[in-house]
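S.K.: here are the coordinates; sequence isn't available:
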């Protein structure tokens, strides 16, 4: 093997590894690339040493590999810069790459809700399955609205946040089964449809939407995200593509964990709206507008930052393949 020709063929990879080793922080894609380049360069160094020992190349590669190894093994610490990178790159990209799954799950959820509501509206006699006439009247006239005003804002918001976060994490964690996310989504769609049907029967459907929409726009979207993430994990298990199944699951699992962490924050914002905006005495139009603005901000974050991160990811893959 001719050492100079070998060095010429791989110098771009070595320079890229040197560059990544010097960066203060790496994106998720850059981290994967960094590990691949480190492994490849370490192999190149071993090959040069055994088949074509060249002191200059060995010295250069040793320095590059040593620097990369130091970065690979250095303790990681949480920094504001790292947090900013997660919020503007890693998290929105994880949501963005799953956007069509989220939209599909959302449409299916709304369809089930509408079917349940329409069924009971067309067959009011079936409401007896949900309770006695007095129980349903109490629910529509008192309990439904009282639910949002019986507790102080912080206590109610905290309760809602932990409950919804737990539901979302279960849908994601149980996604590998392919059954649990569907169960969670179906149960919630049916339950909300039944609640709407009871309110409609007592001429309070307008109140139902007034109380649901301010926080529900974001809260339900978060549940759609959790269900979509879980179902996508199951799909990768069934259809890993050209990658080995274990590799495909590991890669998808990383994005799923990022989405789970992101959802905790998203549901916190939703809980603030439910705890302080929904039960407030602001005009209903203002409250719904606040909920719509929160939802719009979420999707703006996903599509703007997520698309940019996706473009960088594709550019990295092309550059690595070309090298």
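M.R.: All right, it came through fine. Here the structure is a predicted model, which means the values were calculated and not measured. Residues are numbered from 1 along each chain as shown.
S.K.: enumerate every residue touching residue 67.
M.R.: 18, 21, 22 (C-beta atoms under 8 Å, 6 or more residues apart in numbering). Every C-beta, even on glycine, is put in place using the N, C-alpha and C of the backbone.
S.K.: give me the buried entries from those residues.
M.R.: In those, burial by neighbour count holds for 18, 21, counting by 16 or more other C-beta atoms under 10 Å.
S.K.: got the contacts of residue 67 as a markdown table, with pLDDT columns?
M.R.: Compiled in a markdown table, the contacts of residue 67 are given as follows (pLDDT from 0 to 100):
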| residue | pLDDT |
| --- | --- |
| 18 | 88 |
| 21 | 85 |
| 22 | 85 |
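S.K.: next step: the contacts of residue 67 restricted to strands.
M.R.: In strands, judged by DSSP state E, none of the contacts of residue 67 are found.
S.K.: and which of the contacts of residue 67 is nearest residue 63?
M.R.: residue 18 (8.6 Å; C-beta to C-beta).
S.K.: what packs against the strand or helix carrying residue 155?
M.R.: Using DSSP states H and E, residue 155 sits in helix 153-173. Contacts defined by 3 or more C-beta pairs under 8 Å, 6 or more residues apart in numbering; DSSP states H and E place helix 153-173 against helix 180-201, helix 205-238, helix 245-272.
S.K.: which among these is found nearest to residue 118?
M.R.: helix 180-201 (8.6 Å).
S.K.: so for whichever helix or strand residue 110 is part of, what gets flagged as buried?
M.R.: Element membership of residue 110, judged by DSSP H and E, is helix 99-122. By neighbour count on 16+ other C-beta under 10 Å, the buried set for helix 99-122 is 99, 101, 102, 105, 106, 108, 109, 112, 113, 116, 117, 120.
S.K.: and stretch 80-91, by the same measure?
M.R.: 85, 86, 88, 89, 90, 91.
S.K.: test my guess that the third one contacts residue 304.
M.R.: No - with contact defined as C-beta atoms under 8 Å, residue 88 and residue 304 do not form a contacting pair (9.3 Å).
S.K.: buried residues in the helix ranked longest in the chain?
M.R.: Identified as the longest helix of the chain according to DSSP state H is helix 284-322. Going by neighbour count (16+ other C-beta under 10 Å), the buried part of helix 284-322 is 287-288, 290-291, 294-295, 298, 301-302, 305-306, 309, 313, 320.
S.K.: just stretch 156-163 next, same as before
M.R.: By neighbour count on 16+ other C-beta under 10 Å, the buried set for stretch 156-163 is 156, 157, 160, 161.
S.K.: what's the answer for stretch 55-66, then?
M.R.: Buried residues in stretch 55-66, defined by neighbour count with 16+ other C-beta under 10 Å: 57, 60, 61, 64, 65.
S.K.: for the second one, which non-adjacent residue is closest in space?
M.R.: For residue 60, ignoring the flanking residues on the chain, the nearest one in space by C-beta to C-beta, 6 or more residues apart in numbering is residue 14 at 7.6 Å.
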